[in-house]
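Asker: Make a model of this:
(4 chains)
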There are 4 protein chains.
Amino acid sequence: MITKKPLNIGMVGYSFMGRAHSNAFKQVGQFFDLPYRPVLKAACARNASAVQAFADQWGYDSVETDWRKLVARPDIDIIDIAAPNDMHHDIAIAAAEAGKMVMCEKPLGRTAKESLAMTEAVERAGVRNMVWYNYRRVPAVTLAKQWVDEGKFGRIFHYRAKFLQDWTMSTDLPQGGTGLWRLDASVAGSGVTGDLLAHCIDTAMWLNGPIAEVTAVTETFIKERKHQLTGEVQPVTIDDASLFLARFANGSLATFEATRYARGHKALYTLELNGQNASVFWDLHDLHRLQLFDHGDAGISRGWRSIHITDGDHPYMKNWWVPGLQIGYEHSFTHQVADFLGSLDSDTPAAPTFREARATDLVTDAVLASAKSRQWEQVMG
Amino acid sequence: MITKKPLNIGMVGYSFMGRAHSNAFKQVGQFFDLPYRPVLKAACARNASAVQAFADQWGYDSVETDWRKLVARPDIDIIDIAAPNDMHHDIAIAAAEAGKMVMCEKPLGRTAKESLAMTEAVERAGVRNMVWYNYRRVPAVTLAKQWVDEGKFGRIFHYRAKFLQDWTMSTDLPQGGTGLWRLDASVAGSGVTGDLLAHCIDTAMWLNGPIAEVTAVTETFIKERKHQLTGEVQPVTIDDASLFLARFANGSLATFEATRYARGHKALYTLELNGQNASVFWDLHDLHRLQLFDHGDAGISRGWRSIHITDGDHPYMKNWWVPGLQIGYEHSFTHQVADFLGSLDSDTPAAPTFREARATDLVTDAVLASAKSRQWEQVMG
Amino acid sequence: MITKKPLNIGMVGYSFMGRAHSNAFKQVGQFFDLPYRPVLKAACARNASAVQAFADQWGYDSVETDWRKLVARPDIDIIDIAAPNDMHHDIAIAAAEAGKMVMCEKPLGRTAKESLAMTEAVERAGVRNMVWYNYRRVPAVTLAKQWVDEGKFGRIFHYRAKFLQDWTMSTDLPQGGTGLWRLDASVAGSGVTGDLLAHCIDTAMWLNGPIAEVTAVTETFIKERKHQLTGEVQPVTIDDASLFLARFANGSLATFEATRYARGHKALYTLELNGQNASVFWDLHDLHRLQLFDHGDAGISRGWRSIHITDGDHPYMKNWWVPGLQIGYEHSFTHQVADFLGSLDSDTPAAPTFREARATDLVTDAVLASAKSRQWEQVMG
Amino acid sequence: MITKKPLNIGMVGYSFMGRAHSNAFKQVGQFFDLPYRPVLKAACARNASAVQAFADQWGYDSVETDWRKLVARPDIDIIDIAAPNDMHHDIAIAAAEAGKMVMCEKPLGRTAKESLAMTEAVERAGVRNMVWYNYRRVPAVTLAKQWVDEGKFGRIFHYRAKFLQDWTMSTDLPQGGTGLWRLDASVAGSGVTGDLLAHCIDTAMWLNGPIAEVTAVTETFIKERKHQLTGEVQPVTIDDASLFLARFANGSLATFEATRYARGHKALYTLELNGQNASVFWDLHDLHRLQLFDHGDAGISRGWRSIHITDGDHPYMKNWWVPGLQIGYEHSFTHQVADFLGSLDSDTPAAPTFREARATDLVTDAVLASAKSRQWEQVMG
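Answerer: Presented below is the predicted three-dimensional model:
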């Protein structure tokens, strides 16, 4: 047995993403052969009892209630930021300056300005960094990317993506506060634009290259909500829905849409790419499948094929079970950790780095700008 | 313009199948170039006012209330039997003896004994004859047959078919009488065995060759029903469900099932064939699609493809609309008429002839025998 | 038998739409009880031999090669315009002035200006008029409309529609000429905007009310093609793809897209409407199904249900076969004729009238204007 | 924090099932609040280096190469048998006699005779025992069971299940030896009957009650294969395919089928139950969905609904992520551990116990007997 080098994780945050990341760190070593072994060293959050309960549940060795103390600890190798968006900037920069590797939940910053500062910090410090755009590591999506890289599609004409939810449609839902910071623009930066569209944009540019320009519309359907903490009825500051048309640098056209008002859809992230020679479609609600239309098939038998991405030659899948047995949502995080740890001894950092992830914030900035200006906006370089 | 030779149709029956056949005769000439032109000459049924209304609706030139008169008319070229099953035998034999071509709804006879007599009659008379197993002419099914004939599947291991309905589940439904003769075994011969399984068996043997032996079970779930005409509660004589396992002559194994007690299914006829090199699946509820799995595809991109059978190179489809635009149920009858008319000047009669259709009655006889004997039964040759 | 009043049809055009309309006129009387009976009186087209062959195939009594003569014939009751778009305007106005009822293929005009003149002509003449937006009469779509009218959806938040094809992707495809006039903007008016988007817009406004404003982008992917008649390479004048975002008058947001460059899609017209209480989805590739999500279902069993629109209580379906047996594309035209004939003795004309169909041309005008101005454009009233 | 009582696991076996069980033991505590905490104490297998590597990968404290030593260790609380079928009997009985709790992979015995001895041993010893029929704990399947228990379906008429694979179709595949013991009847007991049908039967009886009688057919398609260890060509002893018809004690009829020769299917376990009031369908290839047809829906909007089993009110799901995010295959094992640990302090043992699982072996015995006798066989009580 080769002894694997331990890497001590300092986790900031403990709710949805804190759990998803922790599970990935715990599970990765049993399924992937890696030179490094993540150790759940410290969990950090302002709420002392909550973070202690989280640490107990997940087996973290220790807790902190001040992220500055966590960043200062010499026994921490990696700071993982799973806290609300308004904390990304300060923590990431401090962690980089302390020489830690930094992982950060998406979106990187609330604005591209924030993410530029963060990017410059990690690059200045020379520390490895990565943003959790986990959908790149759903095996079906990874396979689509392989095919793009192989040139399977030929010239790309169209791309379309949407991310549809319906969990905020009730007027009774309060805004702000615990578990609801995504409804508070001062914390989240924006509504669905930064939350859901950001995923769509990251995958889109990974598969289809840079987005050149956009025209957008956003809407806040329910204008006022009670604030969870104050109990006062306040104007809603986030966008409930965000739609845009885009032209990619390669000349292809796209529609993008995200909303939390699409009754019947829980987390329906779909993407489709239409090329000269083939097309591909993927859907988060059946994330273990990839739909392919290959124009190279004999004419009489052409059709969309539904590929059950569970075979050993599909990305990441030889590490799991046997053909036919699907994995789920959480595995995308495990794959991302596997790629991150696997890349540490190489010159090529695992993607997306802060710099790569910042490209998405430039697009969301343009989307929000266009929704205001009611004109096409160029995406800044 | 080449003048097309008229062929005068004498139709017996006027309800579901009478309409389906009449529509095919009327529509075929607009979509298929054929040497013959069907003329709706006479409609025949015992109920004078009903048959007159039918004739008016469909444009039949005349009516008869006694099929013997119809058969005797010198101006009739083809007798088409769309009457209940207990009338097939006598009409078909009389028509053959009168030198008419004969088309007959399925099943050919209530028993293989009846269908043998009918077969011998048409062969003795030397008249063209055909049984309306219309599902062979659904383009998706026809394409599957083409692939079988090309050897695309290699050795066949498995076949499975089912025909699920739910329309007789209410205990209030009466039996017998107008529109309900399918629930009266003395008229229908059997229940779902002759009605639904017969379709499954015909297609199965067309695609996969003869069935050698079967083991079966049948059930009548609701034992008594009021008779529609008498109002009396009587024992139900038909089988509500009929299931069997089969071994084909080629060594493949099969499951067959038909029922009118499968809640949620209106007319779900599905078939699947698994071969060494490929598999195919079809479903009457989406009859314009054919599912194909081709093991010859590259491993990483193998999947079931859903072929939208609407392209010009798909069977029969160049005669209809443009790619993407589906046809429906009734078109299978139109195709059968087209094939029948198109074959008249050739030596190869359109399939299935009476003799070919009789093979199905031999299987349903074996199924019913096995359900009684509780043993495997060989299918008679 | 009640004698049905004959109505003599004068058909202009004989290709795709000429066939679809003729089939509807021929088939409607067998399936729908109507006070009027269409008679295929005369077919008209410039190409004498082609129109004669068409008339023979379909049973038209006579032919004309000059539409002005057709319009002048006293024995014609209805002029049906199935000719290329550049002929709609003149024929419709002349027909109206001659006192004929007028049916016209969509889009009504090449521009809203043309369609205004046509609308004023039929209204001035007081003749019944209708535009063939046939997808309204697909039973699944009609059912969605019923539910809208019943208020089943509550407040509408989102609408999305796309119409994807791939038949013009080959650079070898010529433009203009017989069967290819849809690629010539001088004849067609526009590319996919008037051809495909027009369908999407008509249904959308029928279901969700007026569109207030749009922002759009169009593209011509292949810039030059050989002209079929001259053999010369010429600039392509039509839009190959057309996408827009819209805000409806009711405040809901929408994405619309049409293209002929979406590899793998033949005629994938999909629409989805998301309301507070329910959502609905429909897809032309499986036109006999309607997907419904009903938030009123018990939480634990909520899901998208796929309704097989073949039951007797579904719109139009009691006139066809039995539950489970699907109809196809062509039936939407038959339904439209049935509604037209059925409305003649009432005060409510069958929809969409010229005036109603003109609303779509106002939207397509705004789409094309926005694609040029690169700004949001208000839809004119 | 409540300290959770540790339970020391002694795992026999280290391949597919050894991994699946170990993952469940490791992961359960992070997602379920339980009074007990499984500790990976010892892994056991004959191959010393293989089991050491497994222990290192999974964090087992120690290894054994003789299961008798493992059973004798006083620090082991639970013996988990993930070894080939021919070892179940001896290990389980010895473990029970040593007073250990026993978990055993399915099928419990190679025959019902073996499983009877095992059942009597655990009952005599009074130790908790469970068989890993993991598919009961797929949330969609568990939900179906809830509905059965609530009487949602009314009288049941039909059940159908199949488990289709294609991994043994190549004639080059050897039999016996490492990783291939499922192809050796002396080790496995039977082929697909005990491997795949056993799963179908366990779920079927859980949902629909006892099976009364069966008629079956089995087949070995490839008669001879090279043995992996000896290199000699030997007759294949297992069944490649196994099909049967069944009558349940409640009078419903069923088809069952399992095969490894269904090209295109990796692990397609499907089940469907048709009741008077509703029907339900589930499919392992999309295990996170459940299809429901509810006849109680309004007639016009009845359809099969696809329920995405990811909401907090679906079985087990509140413990995982958020609505819309699916789990995978492995989670069924985690749920089973959660139920086992959660039941230890109650009087109701987690199902299926050895006695409950033995019922499946009685059915597979009857299936194999019927395949030989070619007659219906009663299932022994």
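
Asker: how about A:His314, phi and psi?
Answerer: phi -80, psi 150 (degrees, to the nearest 10).

Asker: gap between it and D:Lys266?
Answerer: 11 Å (CB to CB, to the nearest Å). (Glycine included, C-beta is placed from N, CA and C.)

Asker: Compare those two (neighbour count), which wins?
Answerer: A:His314 (23 against 20; other CB atoms under 10 Å in any protein chain shown).

Asker: what sits against the closest residue to the more buried one other than its chain neighbours?
Answerer: Spatially, and ignoring its direct neighbours in sequence, A:His314 is nearest to A:Pro139 (5.2 Å; CB to CB, 6 or more residues apart in numbering or on different chains). Contacts for A:Pro139 (CB atoms under 8 Å, 6 or more residues apart in numbering or on different chains) come out as A:288, A:309, A:314-317, A:327, A:335.

Asker: just those residues now: which is nearest D:Leu108?
Answerer: A:Ile327 (28.2 Å; CB to CB).

Asker: How many residues are close by that closest one?
Answerer: Neighbours around A:Ile327, by other CB under 10 Å: 27.

Asker: Spell out which helix or strand contains it, please.
Answerer: According to DSSP states H and E, A:Ile327 maps onto no helix or strand at all.

Asker: next one: the one 5 residues further on
Answerer: With the criterion set as DSSP H and E, the secondary-structure element containing A:Ser332 is helix A:331-343.

Asker: Name the next helix or strand following that helix along the chain.
Answerer: Next element after helix A:331-343 (DSSP H and E): helix A:354-373.

Asker: Report the buried residues of that next one.
Answerer: A:354-371 (16 or more other CB atoms under 10 Å in any protein chain shown).

Asker: And the helices in the stretch 151-300 of chain A, which stretches?
Answerer: Along the stretch 151-300 of chain A, the segments classed as helices by DSSP state H, counting those that start in this stretch run A:185-188, A:192, A:198-208.

Asker: Mean neighbour count, mean pLDDT and distance to A:Leu271 added to those, as CSV?
Answerer: Output for these, formatted as CSV (neighbours: other CB atoms under 10 Å in any protein chain shown; pLDDT from 0 to 100; distance: least, CB to CB, whole Å):
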stretch, mean neighbour count, mean pLDDT, distance to A:Leu271
helix A:185-188, 19, 89, 23
helix A:192, 28, 96, 16
helix A:198-208, 24, 98, 6
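
Asker: So which of those helices is nearest chain D?
Answerer: The closest of the helices of the stretch 151-300 of chain A to chain D is helix A:198-208. By CB to the nearest CB, the value is 12.6 Å.

Asker: Show me what that closest one is packed up against.
Answerer: helix A:139-150, strand A:156-164, strand A:211-219, strand A:253-259, strand A:268-275, helix A:354-373 (3 or more CB pairs under 8 Å, 6 or more residues apart in numbering or on different chains; DSSP states H and E).

Asker: and with 6 Å instead?
Answerer: Applying 3 or more CB pairs under 6 Å, 6 or more residues apart in numbering or on different chains; DSSP states H and E, we find helix A:198-208 packed against strand A:156-164, helix A:354-373.

Asker: looking at these, which is closest to chain C?
Answerer: Closest among the helices and strands packed on helix A:198-208, using CB to the nearest CB: strand A:156-164, at 4.0 Å.

Asker: Contacts only, for the nearest residue to A:Cys200 once chain neighbours are set aside.
Answerer: Using CB to CB, 6+ apart and skipping the chain neighbours, the partner closest in space to A:Cys200 is A:Ala161 (4.0 Å). The neighbourhood of A:Ala161, defined by CB atoms under 6 Å, 6 or more residues apart in numbering or on different chains, consists of A:200, A:204, A:256, A:271.

Asker: ok, now A:Tyr14?
Answerer: Here A:Tyr14 is in contact with A:45, A:51, A:54 (CB under 6 Å, 6+ apart).

Asker: before we move on, what about A:Asp80?
Answerer: A:9, A:11, A:21, A:103.

Asker: Extract the C-alpha set from the helix or strand where the second one lies and format it as CSV.
Answerer: According to DSSP H and E, A:Met11 maps onto strand A:5-12. Taking only C-alpha atoms (Å, rounded to 0.1, in the frame of the first residue of the first chain), the coordinates of strand A:5-12 have been written out as CSV:
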residue,chain,number,x,y,z
LYS,A,5,-0.4,12.3,1.6
PRO,A,6,-3.1,13.8,3.8
LEU,A,7,-4.5,17.2,3.0
ASN,A,8,-6.3,19.1,5.7
ILE,A,9,-9.5,20.7,4.8
GLY,A,10,-10.9,23.8,6.5
MET,A,11,-14.6,24.0,5.5
VAL,A,12,-16.5,27.3,5.8
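
Asker: tell me which parts of the stretch 251-381 of chain A are close to chain D?
Answerer: A:266-267, A:285, A:308, A:321, A:323-329 (CB under 6 Å from any CB of the partner chain).

Asker: quick check, nearest of these to chain B?
Answerer: For those, the nearest to chain B is A:His308 (6.6 Å; CB to the nearest CB).

Asker: Return the set of residues that bridge with the closest one.
Answerer: A:Arg289 (DSSP bridges).

Asker: Just give me the neighbour total for it.
Answerer: Neighbours of A:His308 (other CB under 10 Å): 25.

Asker: And it, what's its pLDDT?
Answerer: On the pLDDT scale, A:His308 is placed at 98.

Asker: near chain C, which residues of chain A?
Answerer: A:157-158, A:215, A:217, A:219, A:221, A:241, A:243, A:245, A:253, A:255, A:257, A:261-264, A:274, A:279, A:293, A:295, A:374, A:376.

Asker: Now for the residue nearest to the spatial centre of chain A: which residues touch it?
Answerer: Taking CA atoms, centre = their mean, the centroid of chain A lies closest to A:Tyr133, which sits 2.6 Å from it. Contacts of A:Tyr133 were listed using CB under 6 Å, 6+ apart, and they are A:106, A:202, A:352.

Asker: Same list (the residues you listed) but as JSON lines, adding distance to D:Ala72.
Answerer: Shown next, in JSON lines, are these (distance: CB to CB, whole Å):
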{"residue": "A:Lys106", "distance to D:Ala72": "53"}
{"residue": "A:Asp202", "distance to D:Ala72": "55"}
{"residue": "A:Pro352", "distance to D:Ala72": "53"}
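
Asker: Report the helix or strand with the lowest average pLDDT across chain A.
Answerer: The helix or strand of chain A with the poorest confidence is helix A:185-188; it has a mean of 89 (mean pLDDT, DSSP states H and E).

Asker: List of residues touching that helix?
Answerer: Contacts of helix A:185-188 (CB under 6 Å, 6+ apart): A:84-86, A:181-182, A:237-238.

Asker: Widest-spaced pair of those?
Answerer: A:Pro84 and A:Thr237 (14.5 Å).

Asker: any idea how far A:Leu245 is from chain D?
Answerer: Here the criterion is CB to the nearest CB, to the nearest Å. By it, A:Leu245 lies 26 Å from chain D.

Asker: same deal with A:Val122?
Answerer: For A:Val122, the distance to chain D - CB to the nearest CB - is 29 Å.

Asker: Please apply the same query to A:Thr193.
Answerer: Taking CB to the nearest CB, one finds A:Thr193 at 19 Å from chain D.

Asker: what bits of chain A have low per-residue confidence?
Answerer: A:1-3 (pLDDT under 70).

Asker: Farthest from the middle of it: give me that residue.
Answerer: Outermost in chain A, CA atoms, centre = their mean: A:Ile300 at 39.9 Å.

Asker: if I read this right, it contacts B:Gly312, doesn't it?
Answerer: No - contact criterion CB atoms under 6 Å: A:Ile300 and B:Gly312 do not qualify, at 10.0 Å.
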